[in-house]
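[1] coords below, sequence missing:
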C-alpha cells in the first residue's frame, strides 16, 4: 500500500487506519521454529544467504549453523558476508561463498529464487541498502525473506522496563516494526507480501491452542521474531 497516493500527511488518522488493515490482511502465524520456516522457503530453490556467517567463525562448527542446514535442502546455495575470515573458512569447507557488503553494489552475476537475510537488518547502518541489494539478487519472479526480532514482543518490553538499559545485542542499531518494513518496501519499490509471526512449536494440544489464542489477541505481543516475505 502506497499511503502517499491517499494523503501527503503521514499523521492522517484515516489513512493510518487503512494502513493497519493492510498490515493485518497480510499477517499470518507460523507455529514451527524460525529455522523450519526458513527451510520451507529454501527447499528445492536456488538461495542467496546474506550474512550467512552469523557473527563469528565459531558458529560454523555449531550443529545449529543455519547455512549448513539450508545447504541440505536448497538446490543451490551461495553465501555472502562481510566477514572475510568466515568466508574463507566456508570456501575451504566446500561452500560457495563471497565477501560482500550489502551497502555496496550487487556484484554476483547470478539471480536467485529466494534471498534470505535472517537477523541481519537490525545490524546495518542502512536497512534500505539491504532491501536494494536483495532486490537486485532475486529473480524477477523470486522472493526475499527478511527476519528480525519483534520490538513489541512482551519479553522485550519487560526487559526494557526491568533491565534498563536494554542491550539485546551489542551490534544491533535498530528495531524494525511491521509499519517500518512496509515503509521501507514502499521506498525501495518492492512489495511486502506477507508478515509472518513465528511462534515456535507446540507439541501438546493445549500449547497449540494457547498460541492460536495469543495470535488472535495480539500477534505482535507474543511473538519473538517476525519474518517478512517481500516480492520484487
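    Yes, it's here. All values reported here derive from a predicted model rather than from experimental measurement.
[2] show me the helices in the protein, by range?
    13-25, 34-42, 66-71, 84-92, 127-137, 154-162, 178-188, 205-217 (DSSP state H).
[3] out of the ones you listed, the one nearest residue 56 is which?
    Nearest to residue 56, of all the helices of the chain, is helix 84-92, at 7.2 Å by C-beta to C-beta. Quick note: C-beta positions are derived from backbone N, CA and C, even for glycine.
[4] show me what that closest one is packed up against.
    Applying 3 or more C-beta pairs under 8 Å, 6 or more residues apart in numbering; DSSP states H and E, we find helix 84-92 packed against strand 76-81, strand 96-99.
[5] identify the residues contacting residue 172.
    Residue 172 sits next to 122, 123, 149 when contact means C-beta atoms under 8 Å, 6 or more residues apart in numbering.
[6] what's the pLDDT at it?
    Note on residue 172: pLDDT of 93.
[7] same check on residue 109?
    88.
[8] most tightly packed of the helices and strands packed on helix 84-92?
    Among these, strand 76-81 has the highest mean neighbour count (mean count of other C-beta atoms under 10 Å), at a mean of 22.
[9] run the angle between that strand and helix 127-137 for me.
    Angle, strand 76-81 to helix 127-137, by axes from the mean of the first three to the mean of the last three C-alpha atoms, to 10 degrees: 150 degrees.
[10] note down every partner strand of strand 76-81 and its orientation.
    Partners of strand 76-81 in the sheet, by DSSP bridges, are strand 46-50 (parallel), strand 96-99 (parallel).
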